[in-house]
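Asks: Based on what follows, work out the 3D shape:
(chains A, B, C and D)
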There are 2 protein chains.
Amino acid sequence: MAALDRSLISRLPLFQGMAPEEQSEILRSARSSRYAKDSTIFEQETEAHSFFVLIAGHIRVVRTTPDGQQVIARYISEGEIFGVAAALGRTTYPASAIAAVDCVVLAWPNALWPELARRFPVFGATTYRTVGNRLQETQTRVVEMSTEQVEQRVAHALLRLANQTGRKTESGVEIDFPISRQDIAEMTGTTLHTVSRLLSKWEESGIIVSGRQKVTVKDAHRLVVLSESRTKG
Amino acid sequence: MAALDRSLISRLPLFQGMAPEEQSEILRSARSSRYAKDSTIFEQETEAHSFFVLIAGHIRVVRTTPDGQQVIARYISEGEIFGVAAALGRTTYPASAIAAVDCVVLAWPNALWPELARRFPVFGATTYRTVGNRLQETQTRVVEMSTEQVEQRVAHALLRLANQTGRKTESGVEIDFPISRQDIAEMTGTTLHTVSRLLSKWEESGIIVSGRQKVTVKDAHRLVVLSESRTKG
DNA sequence: GGGAGAATTTGCGCTGGCGCAAACTCGGGG
DNA sequence: CCCCGAGTTTGCGCCAGCGCAAATTCTCCC
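Replies: Below is the predicted model:
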């Protein structure tokens, strides 16, 4: 296989603060793969063999319950590290990672983690900062699910998606990967029916426009208002 | 102040695998404090100055929403490390830590984290493993809140408390710190009223006995059954 | 030992959002 | 270009669990 080009990663925040030759070196032990839409990068509960950086595309991280219900843990965007079980001393993946669109991914064998973290402290520190962010986000999600109504949770989820992965178009901010009502339901702990009703209502009042597997936020401000109002208690 | 005795920590899993002189050395930079019941060890959103190990007692970690609602993120038991913002590159605490009973705590200044993690790799690795466990637990909680009914969530919470901090008595497994209906509600995303009704029902059928700020699990098996049955979908 | 405040219990009415079912629409493959 | 199936919309009935309120019981402090 051909050597990977440093330009793949030099622009990513994760590798900022590393010298060019360090970037090249880290790449030397990486393997690059393409994953077609809907294919699985790794599966929940299976032996964790590698950790990953997403070079292009979007990835859905999904937890499945014993009885088959799915919950979307998060979406991974370009430049993010994921599948970092190794860095946290786990031996299996706690969730599955599925390509939401065609993706390009770099992978390193887990066995290399200790060495890489030691040789490139910035890389290790950035990874742990990412883990910290995710822990905090996940806790925020617990708080939201404990204290907010469904309408606010869905509004929050859309705002987060628009901010993190939104693409500006002439008509608003469009979430730039296919996302179904069912997906939004699995992010917010509700049903696709309720999501559909909410989106219909919001579309009617001009806050969003949406189509099949597509949502565009037209009036983020009013969505913020919705996400904050009418708290329980 | 007097030097801390190595016996404080030598029995804790967090410090296993460290040589006695290493344990002594790590203790040399620690400060020991007592916290009375209901006092605050650190407060959400404030500058993170230290990380901690709980030597004795129980600590409640609480997230408060902008409008004042509280959610219990987790309980810390003896021997656990907590307030590890430093290890995750954060500068403020994402939650408050409050003594559920009188506590003894060791604290290290955050500035020492990088050095300690470098000098004592086992210590760093154990900490990151703990963080990994918490991330996974928190995600499990999201899944539960998304897919389970209140009754199952409360059953799960009681089982977890009984396993993690339970004390065997002649009548069952007693949660060995004061915990109110309100606390359980804040752990499970419901109201103290609903928790009270559930506990009354379970007491009537002999699954638990409970009193003011006290719960004893008598029949864990039936509680497991309750925690698994009647899932949505 | 008594009083006050905190924690708990319980009743009652209401409603947000789910479950079910059916119709509809869009987009891509043949 | 048409058809098929996945994705979406919408109606309807129902009920788990919340909000409110009041009564009751501990427990700790004076």
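Asks: would you list every one of the helices in chain A?
Replies: A:7-10, A:20-28, A:113-119, A:121-147, A:150-165, A:181-188, A:192-204, A:220-228 (DSSP state H).
Asks: Please see if the third one touches chain B.
Replies: This means helix A:113-119. No: remark: helix A:113-119 sits outside contact range of chain B, by Cβ under 8 Å from any Cβ of the partner chain, the gap being at least 8.5 Å. To be clear about C-beta, it is placed using only N, CA and C from the backbone, and glycine gets the same treatment.
Asks: Please provide the alpha-carbon coordinates for that helix, formatted as CSV.
Replies: C-alpha atoms of helix A:113-119 as CSV (Å, rounded to 0.1, in the frame of the first residue of the first chain):
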residue,chain,number,x,y,z
TRP,A,113,-1.7,3.7,21.6
PRO,A,114,0.6,3.8,24.6
GLU,A,115,3.6,4.5,22.4
LEU,A,116,1.9,7.2,20.4
ALA,A,117,0.6,8.9,23.5
ARG,A,118,4.1,8.8,25.0
ARG,A,119,5.9,10.0,21.9
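Asks: tell me the mean pLDDT over that helix?
Replies: The average pLDDT for helix A:113-119 rounds to 93.
Asks: right, and A:Trp202 touches A:Val209 too?
Replies: No: contact criterion Cβ atoms under 8 Å: A:Trp202 and A:Val209 do not qualify, at 9.3 Å.
Asks: And the two? Which one has more around it.
Replies: Each of A:Trp202 and A:Val209 has its neighbours counted (other Cβ atoms under 10 Å in any protein chain shown); A:Trp202 has more, 24 against 16.
Asks: residues making contact with stretch A:19-31?
Replies: A:1, A:3-6, A:8-10, A:15, A:18, A:106-109, A:112, A:116, A:120, A:123 (Cβ atoms under 8 Å, 6 or more residues apart in numbering or on different chains).
Asks: what residues does chain A put near DNA strand D?
Replies: By Cβ under 7 Å from any atom of the strand, the residues of chain A that approach DNA strand D are A:180-182, A:192-193, A:196-197, A:199-200, A:203, A:210, A:212-214, A:232-233.
Asks: switch to 10 Å and redo it
Replies: A:38, A:146-147, A:149, A:178-185, A:191-201, A:203-204, A:209-215, A:231-233 (Cβ under 10 Å from any atom of the strand).
Asks: now the helix or strand bottoming out on mean pLDDT in chain A, how far from the centre of its chain.
Replies: Counting by mean pLDDT, DSSP states H and E, the weakest-scoring helix or strand in chain A turns out to be helix A:7-10, with a mean of 90. Computed by Cα atoms, centre = their mean, to the nearest Å, the chain-centroid distance of helix A:7-10 equals 20 Å.
Asks: how about that helix: buried residues?
Replies: Within helix A:7-10, the residues scored as buried using 16 or more other Cβ atoms under 10 Å in any protein chain shown are A:Leu8, A:Ile9.
Asks: packing partners for that helix?
Replies: helix A:20-28, strand A:50-56 (3 or more Cβ pairs under 8 Å, 6 or more residues apart in numbering or on different chains; DSSP states H and E).
Asks: Which among the ones you listed is found nearest to B:Leu159?
Replies: B:Leu159 lies closest, by Cβ to Cβ, to one member of the helices and strands packed on helix A:7-10: strand A:50-56, at 32.5 Å.
Asks: Next to chain B, which bits of chain A? Give me the list.
Replies: Close to chain B, as judged by Cβ under 8 Å from any Cβ, chain A has residues A:63, A:65, A:67, A:69, A:71, A:73, A:85, A:87-90, A:94-95, A:125-126, A:128-129, A:131-132, A:134-136, A:138-143, A:145-147, A:186, A:188-189, A:231-233.
Asks: which among these end up buried?
Replies: Buried by 16+ other Cβ under 10 Å: A:63, A:65, A:69, A:71, A:73, A:85, A:87-90, A:94-95, A:125-126, A:128, A:131-132, A:134-136, A:138-143, A:145-147, A:186, A:188-189, out of those.
Asks: how near is A:Gly172 to A:Asp219?
Replies: From A:Gly172 across to A:Asp219, the span is 8 Å (Cβ to Cβ, to the nearest Å).
Asks: Likewise for A:Pro121?
Replies: Taking Cβ to Cβ, one finds A:Pro121 at 44 Å from A:Asp219.
Asks: same question, A:Thr138
Replies: 28 Å.
Asks: Also A:Val225?
Replies: A:Val225 is 9 Å from A:Asp219, by Cβ to Cβ.
Asks: Might you report the residue contacts of A:Leu8?
Replies: Contacts of A:Leu8 (Cβ under 8 Å, 6+ apart): A:Leu27, A:Ser32, A:Ile55, A:Leu106.
Asks: Low-confidence ranges, chain A, go.
Replies: Scanning chain A for pLDDT under 70 picks out A:1-2, A:230-233.
Asks: what does it put close to DNA strand C?
Replies: A:69, A:148-154, A:178, A:185, A:188-198, A:211-214, A:230, A:232.
Asks: go with 7 Å
Replies: So far as Cβ under 7 Å from any atom of the strand goes, chain A lies against DNA strand C at A:Gln149, A:Val150, A:Glu151, A:Gly189, A:Thr190, A:Thr191, A:His193, A:Thr194, A:Gly211, A:Arg212.
Asks: Buried ones among those?
Replies: Looks like those have A:Val150, A:Glu151, A:Gly189, A:Thr190, A:Thr191, A:Thr194 buried, using 16+ other Cβ under 10 Å.
Asks: from the residues you listed, which is closest to B:Gly166?
Replies: Of those, the one sitting nearest to B:Gly166 (Cβ to Cβ) turns out to be A:Gly189, at 29.0 Å.
Asks: In contact with the closest residue to that closest one other than its chain neighbours, which residues?
Replies: Computed as Cβ to Cβ, 6 or more residues apart in numbering or on different chains, the closest residue to A:Gly189 that is not its neighbour in sequence is B:Ser146, at 3.5 Å. B:Ser146 makes contacts with A:Gln69, A:Val71, A:Met145, A:Glu186, A:Thr188, A:Gly189, as judged by Cβ under 8 Å, 6+ apart.
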